[in-house]
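Undergrad: A structural model of the following input is requested.
(one chain, ligands or ions: 1)
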Amino acid sequence: MSEPEQKRIEDILKGEREVFKPSPEIVKNANIPDRSVVTAEAEEDFVKFWEERAKALEWYEPWDKVLDDSEAPFFKWFVNAKTNIVHNAIDRHLKTHRRNKIALIWEGENGDQVTMSYFRLNREVCKFANVLKSMGVKRGDRVTIYMGRVPELVIAMLATVKIGAMHSVVYGGFSTEALAERIEDARSRVLVTCDGAFLRGKVVNLKEIANEAVGRAGYVEHVVTVKRTGHDVEMEEGRDYWYHDLMSLPIASATCETEVMDAEDPLFILYTSGTTGKPKGVLHTHGGYQVHVSTTLSWVFDIKDDDRYWCAADPGWITGHSYIVYAPLILGTTSLLFEGAPNYPYPDRWWNLVEKYGINILYTAPTAIRGLMRFGDSWPERHDLSSLRIIGTVGEPINPEAWKWYHRVIGKEKCPIMDTWWQTETGGFMITPLPETPLKPGSGTKPFPGVFADVVRENGESCEPNEDGYLVLKKPWPGMLRTVYGDPDRYVEQYWSNFKEQGWYFTGDSARKDEDGYFWIIGRMDDVIKVSGYRLGTAEIESALVSHPSISEAAVIAVPDDVKGNVIHAFCIPTTGANPASEDELKLHVRKEMGPIAVPAKIEIVDSLPKTRSGKIMRRVLRAKAMGEPVGDLSTLAD
Ligand code: PRX
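TA: Have a look, this model is predicted:
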């Protein structure tokens, strides 16, 4: 067992001993006061269960069939229904009291503010949808979006989808090669970006990176740039336009029909790291996804009509897609979007925002909690956090210390913590408490009703309580990915081949279930690394390292870190005859190619890498070396 796994097991054993029960008031007022009732309903007929949930939304035309599994694992949900997620996220609210309700409150790192009602959001989305149309974007096209956390990012996503195109959002923390690769794979003709973004008082030069990436990738004919930082940027005549210029042209009319889509038409592509090779374009569709994300948000975070909700993720990751953009808007919620870092200019920036905007629901990641916990209790204690009712976490296992701090200092021991387990591929929450669920620090508790998760052995038998095994999903669910964009074989191979006979989806995670049926996620079983909750693939980082002329081969591993969960350690072999670049230069190179999140904490130059006879790098041996531990059995080592 590796050190991170061992540490996680120790955490599990600590967390298991304590149970935190929600207050009777929370339970009484919850949208779902008793999970066993809805779970029983879902267990009796999960297809009917999801059909009932779909009825909460508006559809242009209803479905002929809820689930078509005739071409499994290419499942279809809400077959032949006509819809567009933008209809549910915006259009339908315009007919109700929500027309004038605030959809989005935005605060920039420098204190700039924007508030946008559903009415205004619709106008902006229509205007930009017309701009995209004027550039020839049509149904089925892909628009790549590479921006900081600004309202125009949300507008660009919704405008793309409104006219039947798909967005591919690339996180603003990625850099040139990562962006170029994603543009190329999606073959986007249009890129929407910003001149820059503010981060910790500095300007990140997004446009410069975008220009370089467009040069490398090809395909892009038009680049639209939002002016955020106002610094000088290079604009190419005939290709580049300012967002604000386009939005003031007559073509940017404030009315635009929402395109009628099939429930199974593609909604977006989101690239994520897998075991090998290039990132995969995870593809989601309109119909099932909207049902899954809106139901889960309503039940888990217990959204009420007058709530102020804040998911402090980045829209560029699935958490942002599902739970900053689509689900809250479908529920007609008021959300906060914040541009900056949690600790800038001071470590109470977030707590200041909670107080200032009266946030009722806060959803973030363990890494942010651990990072803020380090600054001590006095920063949150300066602020009135009494508006908070429910808080949440996602992205990686949360250790009991961080859980308890979050519960005591932020939640004042009255806010239940929703530890939601899910993935880019699942679209929405899969294993999660509801507000009524007794909590154990570090466990996501149980599968959401209508989700059939289990922990199994390699042969498919269910594990005994507290036995580690493969986390699988035994039945399809509406928010599931439909394919890997442009590579259906990879979809089958990656997710459906481990338990092919049984027809189960393999998550890539190991987990255990305790005597109470509570799930405990241990970690990834593949070469995916979680750094500060961000998902990275070893292959991408290694290929960034070897793209430096002085490096011929590289291997990276995850090493546990108290704040970030993991950090990256890299081992590099120099090119024959070359002097290897310094550690700093190599770090800078990875930053430039992949982005700051992928930069290894440590880079070691070595003569050789431990490999099996079939050439597979033995990361276990590298991990032992990095941690100064015994390397164990080396009988499969080639050399
Ligand atoms: O290993 C699990 C971990 O994050 C992986 C999915 O990463 P990504 O696609 O980036 O989506 C993250 C946000 C939904 C999972 O395979 N993970 C996610 N949530 C949790 C978690 N591990 C433990 N506890 C969680 N709550």
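Undergrad: with adjacent residues omitted, what lies nearest to residue 632?
TA: Excluding its sequence neighbours, the residue lying closest to residue 632 (Cβ to Cβ, 6 or more residues apart in numbering) is residue 624, at 6.7 Å. (Glycine included, C-beta is placed from N, CA and C.)
Undergrad: same check, this time on residue 185
TA: Of all residues apart from its sequence neighbours, residue 281 sits closest to residue 185 (Cβ to Cβ, 6+ apart), at 5.9 Å.
Undergrad: re earlier: residue contacts, the residue nearest to residue 632?
TA: For residue 624, the residues meeting the contact criterion (Cβ atoms under 8 Å, 6 or more residues apart in numbering) are 630-632.
Undergrad: let's see if you can find the most crowded of the residues you listed.
TA: residue 631 (14 neighbours; other Cβ atoms under 10 Å).
Undergrad: quick one: buried residues of the longest helix seen in the chain?
TA: Counting residues, the longest helix in the chain under DSSP state H turns out to be helix 118-134. Within helix 118-134, the residues that count as buried by 16 or more other Cβ atoms under 10 Å are 118, 120-133.
Undergrad: for that helix, which helices and strands make contact with it?
TA: If you count contacts as 3 or more Cβ pairs under 8 Å, 6 or more residues apart in numbering; DSSP states H and E, helix 118-134 packs onto strand 102-107, helix 151-162, helix 243-247.
Undergrad: next SSE downstream of the second one?
TA: Meaning helix 151-162. Where DSSP states H and E defines the elements, the next helix or strand beyond helix 151-162 is strand 166-169.
Undergrad: that following strand: partners in the sheet, and parallel or antiparallel?
TA: Strand pairing for strand 166-169, determined by DSSP bridges: strand 142-146 (parallel), strand 266-272 (parallel).
Undergrad: quickly check: it near the ligand or not.
TA: No: contact of strand 166-169 with the ligand is not found when judged by Cβ under 6 Å from any ligand atom; the minimum separation is 13.3 Å.
Undergrad: and residue 620, helix, strand or coil?
TA: For residue 620, the secondary structure call by DSSP: H, G, I helix; E, B strand; the rest coil comes out as helix.
Undergrad: next, count neighbours for it.
TA: Burial measure for residue 620: 15 neighbouring residues, criterion other Cβ under 10 Å.
Undergrad: so how many other residues sit close to the residue of the stretch 251-400 of the chain found nearest the ligand?
TA: Relative to the ligand, the nearest point of the stretch 251-400 of the chain is residue 397 (4.1 Å; Cβ to the nearest ligand atom). Residue 397 is flanked by 27 other residues according to other Cβ under 10 Å.
Undergrad: can you name the residues bridging to the spatially closest residue to it that is not a sequence neighbour?
TA: Ranked by Cβ to Cβ, 6+ apart and with sequence neighbours excluded, the top spatial neighbour of residue 397 is residue 521, at 5.4 Å. Taking DSSP bridges as the rule, residue 521 bridges to residue 511.
Undergrad: may I ask you to confirm that residue 521 is in contact with residue 511?
TA: Yes: using Cβ atoms under 8 Å, residue 521 and residue 511 qualify as a contacting pair, with a distance of 5.0 Å.
Undergrad: between these two, which is the more surrounded one?
TA: More neighbours surround residue 511 than the other of residue 521 and residue 511, with 27 against 23 (other Cβ under 10 Å).
Undergrad: need the contact list for that one.
TA: Applying Cβ under 8 Å, 6+ apart, we find residue 511 in contact with 455, 468-471, 519-522.
Undergrad: tell me the confidence at the residue of the stretch 251-400 of the chain closest to the ligand?
TA: What the model reports for residue 397 is a pLDDT of 94.
Undergrad: gap between it and residue 126?
TA: 42 Å (Cβ to Cβ, to the nearest Å).
Undergrad: can I get the strands paired with strand 166-169 in CSV with mean pLDDT, distance to residue 54 and mean neighbour count?
TA: Below are these laid out as CSV (pLDDT from 0 to 100; distance: least, Cβ to Cβ, whole Å; neighbours: other Cβ atoms under 10 Å):
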stretch, mean pLDDT, distance to residue 54, mean neighbour count
strand 142-146, 98, 27, 27
strand 266-272, 97, 15, 25
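Undergrad: make TSV from the ones you listed and add distance to residue 195 to it.
TA: Formatted as TSV, those follow (distance: least, Cβ to Cβ, whole Å):
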stretch	distance to residue 195
strand 142-146	12
strand 266-272	23
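Undergrad: residues near residue 619, how many?
TA: Here the neighbour count serves as a burial measure; for residue 619 (other Cβ under 10 Å) it reads 19.
Undergrad: pLDDT wise, what is it at?
TA: Reading off the per-residue confidence, residue 619 sits at a pLDDT of 87.
Undergrad: residues contacting it?
TA: Listed by Cβ under 8 Å, 6+ apart, the contact partners of residue 619 are 527, 538, 555, 557.
Undergrad: farthest pair in those?
TA: Pairwise distances across the contacts of residue 619 peak at 10.1 Å for 527 and 555 (criterion: Cβ to Cβ).
Undergrad: what sits in contact with each of the two?
TA: With contacts taken as Cβ under 8 Å, 6+ apart, residue 527 and residue 555 have 538, 619 as neighbours in common.
Undergrad: where does the closest residue to residue 330 other than its chain neighbours land in three-state SS?
TA: With Cβ to Cβ, 6+ apart as the criterion, residue 330 has its nearest non-adjacent residue at 4.1 Å, and that residue is residue 294. In three-state terms, and counting by three-state DSSP, residue 294 is helix.
Undergrad: joint contacts of residue 521 and residue 511?
TA: Counting by Cβ under 8 Å, 6+ apart, the contacts common to residue 521 and residue 511 are residue 471.
Undergrad: relative to residue 78, how far out is residue 61?
TA: When Cβ to Cβ is the yardstick, residue 61 and residue 78 sit 10 Å from each other.
Undergrad: out of the two, which sits in the busier spot?
TA: Regarding residue 61 and residue 78, a neighbour count based on other Cβ under 10 Å identifies residue 78 as having more, with 29 against 12.
Undergrad: helices along the stretch 351-500 of the chain, start to end?
TA: Under the criterion DSSP state H, counting those that start in this stretch, the stretch 351-500 of the chain carries helices at the ranges 366-373, 378-381, 400-405, 488-496.
Undergrad: convert the C-alpha atoms of stretch 91-103 to CSV, please.
TA: Once side chains and other backbone atoms are set aside, the C-alpha atoms of stretch 91-103 remain, and they are given as CSV (Å, rounded to 0.1, in the frame of the first residue of the first chain):
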residue,chain,number,x,y,z
ASP,A,91,-36.2,31.3,-21.0
ARG,A,92,-38.7,29.7,-18.7
HIS,A,93,-37.9,32.1,-15.8
LEU,A,94,-38.7,35.1,-17.9
LYS,A,95,-42.4,34.1,-17.7
THR,A,96,-42.3,34.1,-13.8
HIS,A,97,-41.4,36.3,-10.9
ARG,A,98,-37.8,35.3,-11.4
ARG,A,99,-37.5,37.5,-14.5
ASN,A,100,-36.3,40.3,-12.2
LYS,A,101,-34.5,38.1,-9.7
ILE,A,102,-30.8,38.3,-9.5
ALA,A,103,-29.2,35.3,-11.4
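Undergrad: name the residues of the lowest-mean-pLDDT helix or strand in the chain that are buried.
TA: Sorted by mean pLDDT, DSSP states H and E, the helices and strands of the chain end with helix 3-16, the least confident at a mean of 79. Residues of helix 3-16 classed as buried by neighbour count (16+ other Cβ under 10 Å): 4, 8-9, 11-12, 14-16.
Undergrad: close to the ligand: what parts of the protein are there?
TA: For the chain, the contact set with the ligand under Cβ under 6 Å from any ligand atom comprises 272, 318-319, 394-397, 419-424, 444, 507-509, 521, 524, 530, 535.
Undergrad: let's go with 5 Å and repeat that
TA: Residues of the chain found near the ligand, taking Cβ under 5 Å from any ligand atom as the criterion, are 319, 394-397, 419, 421-424, 509, 521, 524, 535.
Undergrad: would you turn the residues you listed into CSV with distance to residue 500?
TA: Supplementary listing: the residues of the chain next to the ligand in CSV, determined by distance: Cβ to Cβ, whole Å:
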residue, distance to residue 500
319, 30
394, 29
395, 29
396, 29
397, 28
419, 31
421, 24
422, 23
423, 20
424, 22
509, 18
521, 23
524, 21
535, 25
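Undergrad: fine by me, we can end here.
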